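Enquirer: test case, fold it:
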Amino acid sequence: MSSKQKGYRTERKIKLLFQKHGWTVVRAGASLGIADLICIKNKRCILLQIKSTNKKTFYYYGYTMPDYEGFGFYLVVDFGYGKIRVLYPKQKVTIHDGNDIEDFLQKHQ
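Expert: So this is what the prediction gives:
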């Protein structure tokens with residue numbers, strides 16, 4: 001599987017999880033920009049950058065501020081085996097950083 005296919009598959013998985021919790025999600029197709037997914041719920045909009053790895057540590061070199069143009073900006077890292085973490089972006093992310101995606105979605109009902 002190519003990295004592009006893997007990225008699309010991970011984005012789709014995250015999109016479906018957010019939709020299951022009532023979010024409207026727009027995929028920024030083939031995005032080379034700031035966000036992969038735009039999520040809207042209850043007059044709130046957040047931007048997600050989606051990444052995946054099979055390692056216990058992920059090094060991120062993208063945008064690292066907690067908001068972008070006034071919208072919340074989060075890094076979502078799928079470490080595999082159901083370990084998906086959501087956090088404000090930072091360069092070094094471990095499998096223990098941030099919140100589990102289900103906990104994040106429960107908090108942001």
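Enquirer: what stretches of the chain score poorly on pLDDT?
Expert: The model of the chain has pLDDT under 70 over residues 29-32.
Enquirer: the residue nearest the centre of it: what secondary structure?
Expert: The centre of the chain sits closest to Val76, judged by Cα atoms, centre = their mean, with a distance of 2.9 Å. Following DSSP: H, G, I helix; E, B strand; the rest coil, the label given to Val76 is strand.
Enquirer: quick check, it in contact with Ile84.
Expert: Yes - Val76 lies in contact with Ile84 (Cβ atoms under 8 Å); the separation is 6.5 Å. Bear in mind the C-beta positions are built from the backbone N, C-alpha and C, glycine included.
Enquirer: any residues in contact with both of these two?
Expert: Common neighbours of Val76 and Ile84 are listed as 14, 101 (criterion: Cβ atoms under 8 Å, 6 or more residues apart in numbering).
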